[in-house]
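Participant: Predicted model and sequence follow; I will ask about them next.
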Amino acid sequence: MVDASKFTAEVFRVAAERPGASPRLTRAAGCVRDGKFSWEDVATGTCEHPLAQALFAPKAQEKLWPQLAEIAAELESVPEAAPAPAAPPRRARKAPAADDDFSEHTYLEDLAEPNSHPAWPQRRDRGR
């Protein structure tokens, strides 16, 4: 019997990216890409989506779980890489303008310009 407690989100992600992945797994990966659920939800068993639950069905236990167990063993045997260096701090952006500050807006200048789009109707009394 395969121990499913070692099936982390990383195991599901790696298994779905491999060529020849199970159709159940590729359909679930499509849902993850669409944002319907995450691999973390699948790994913890909190996802109610039918495609996520299909990964724990008896047929999946027979065919899919042995592959997942191999991937989990591979990931455990690979030594952890050194942690990635921290990203440099982000530069502060210009503070957003206050809602009541209209000093950078002009409202009448655009009325003085002619319509630039040829399909817009032209008014003859413009500017009077």
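Facilitator: Here it is on my side, so go on.
Participant: Tell me how far the residue nearest to Thr8 when sequence neighbours are not counted lies from Ala28.
Facilitator: Counting by Cβ to Cβ, 6 or more residues apart in numbering, the nearest residue to Thr8 once its immediate chain neighbours are dropped is Ala43, at 5.3 Å. For the C-beta atoms, the positions are set from N, CA and C on the backbone; glycine is no exception. In this view, Ala43 and Ala28 are 12 Å apart by Cβ to Cβ, to the nearest Å.
Participant: where do the contact lists of those two overlap?
Facilitator: Phe12 (Cβ atoms under 8 Å, 6 or more residues apart in numbering).
Participant: Neighbour count: the two, which is higher?
Facilitator: More crowded of Ala43 and Ala28, by other Cβ atoms under 10 Å: Ala28, with 27 against 21.
Participant: Okay, the more buried one and Ala9: tell me how far apart.
Facilitator: From Ala28 across to Ala9, the span is 12 Å (Cβ to Cβ).
Participant: What of Glu48?
Facilitator: For Glu48, the distance to Ala9 - Cβ to Cβ - is 17 Å.
Participant: Could you check which of those two has the larger neighbour count?
Facilitator: Higher neighbour count among Glu48 and Ala9: Ala9, with 15 against 8, using other Cβ under 10 Å.
Participant: list the contacts for the nearest residue to that one once chain neighbours are set aside?
Facilitator: In space, and not counting its chain neighbours, Ala9 is closest to Trp39: 3.7 Å by Cβ to Cβ, 6+ apart. Listed by Cβ under 8 Å, 6+ apart, the contact set of Trp39 reads Ala9, Glu10, Phe12, Arg13, Val32.
Participant: can you pick the most crowded of those?
Facilitator: Neighbour max across these (other Cβ under 10 Å) = Phe12, 24 neighbours.
Participant: Helices of the chain, start to end?
Facilitator: 9-17, 23-34, 39-44, 50-53, 58-63, 65-77, 109-112 (DSSP state H).
Participant: Which strands or helices does the second one pack on?
Facilitator: With contacts defined as 3 or more Cβ pairs under 8 Å, 6 or more residues apart in numbering; DSSP states H and E, the packing partners of helix 23-34 are helix 9-17, helix 39-44, helix 50-53.
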